[in-house]
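# Make a model of this:
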Amino acid sequence: MPGGRLTQQERQQIARGLADDLAYAEIARRLGRPTSTVTREVMRNGGPTDYRADLAHRATEHRAHRRRRPAPRDPGAPARAPGGDVEAVRAYEEAFTAVLVQSGLPRMVARVLVCLYITDAGSLTAAELARHLQVSPASISKAIAFLEGQGLVRRERDDRRRERYVVDDDVWYQAMRANARANAHLAETARRGVAVLGAGTPAGARFDGIARFVDAVGATMARAAEQARDVLHGEPGTTAGGTATPRADRP
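Below is the predicted model:
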């Protein structure tokens, strides 16, 4: 039904449409849905080359479960994780931000992402983010635009009709898949270099080595992301295989 949630059958139709190289607009027309709905669904769940109906449906069900959790009692204040030491939480926030910056994220983007992640609810309004980070609303807006473009945050309305920015547990899975897609693009570009420079030349051989190496790394990343995805939704202390993670005090 237009305007309602996508059903599993509709997601399967989207997957078939992508496999047939149909445009988003055509897939949407066949479903009787807005093109924006199909575009958002695909980009939130792996993109046109990695979209899988079953995984997309499971991820949506998980997000719906998160939204049913009780909201913080004080909606005007960020519901930060209840660490016993406020200064320790703040120090950890800065440390985690620094790691994300070192991995390539712009500093303001990393600060916003970490700020969302240290809340129990996993969501904040723009005003709450600006107040906590002591930055302008424009800075928050730019950071959120970047994160949305990468599929790392999404928007929703709370019961007071305020727009909230939400980070899901799947954020690390989506980031890993995005890295794998970037590697695939790099490998394809390197292979074009082989054709341009000549397969028998030292330069061509160099680019062939780059393509093969990056291909192998990207394939490993994609497999690892799929195999480990359940860890994000499993019980604390379990591995991708469902076994308990050994404790540090165990031999």
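# Lowest-scoring secondary structure element of this protein by mean pLDDT?
For the chain, counting by mean pLDDT, DSSP states H and E, helix 53-67 ranks last in confidence among helices and strands (a mean of 72).
# burial count for residue 174?
21 (other CB atoms under 10 Å). For glycine as for every other residue, the C-beta is placed from the backbone atoms N, C-alpha and C.
# What of residue 16?
Neighbour count for residue 16, taken as other CB under 10 Å: 13.
# Wait, a helix at it?
Yes - counting by DSSP: H, G, I helix; E, B strand; the rest coil, residue 16 is found in a helix.
# measure it to residue 52 for me?
Between residue 16 and residue 52 the distance is 12 Å, computed by CB to CB, to the nearest Å.
# Residue 47 - that's part of a strand, no?
No - per three-state DSSP, residue 47 lies outside any strand segment and is coil.
# Could you double-check that it lies in contact with residue 180?
No - Residue 47 lies out of contact with residue 180 (CB atoms under 8 Å); the separation is 10.3 Å.
# List every C-alpha atom in whichever strand or helix holds residue 110, with coordinates, as PDB.
Residue 110 is part of helix 107-117 when elements are defined by DSSP states H and E. The C-alpha coordinates for helix 107-117 follow below in PDB (Å, rounded to 0.1, in the frame of the first residue of the first chain):
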ATOM      1  CA  ARG A 107      36.400  15.800  12.400                       C
ATOM      2  CA  MET A 108      32.900  17.400  12.800                       C
ATOM      3  CA  VAL A 109      31.300  14.300  11.100                       C
ATOM      4  CA  ALA A 110      33.100  12.000  13.500                       C
ATOM      5  CA  ARG A 111      32.000  14.100  16.500                       C
ATOM      6  CA  VAL A 112      28.400  14.000  15.400                       C
ATOM      7  CA  LEU A 113      28.500  10.200  14.800                       C
ATOM      8  CA  VAL A 114      30.100   9.500  18.100                       C
ATOM      9  CA  CYS A 115      27.700  11.800  19.900                       C
ATOM     10  CA  LEU A 116      24.800   9.800  18.500                       C
ATOM     11  CA  TYR A 117      26.500   6.500  19.300                       C
END
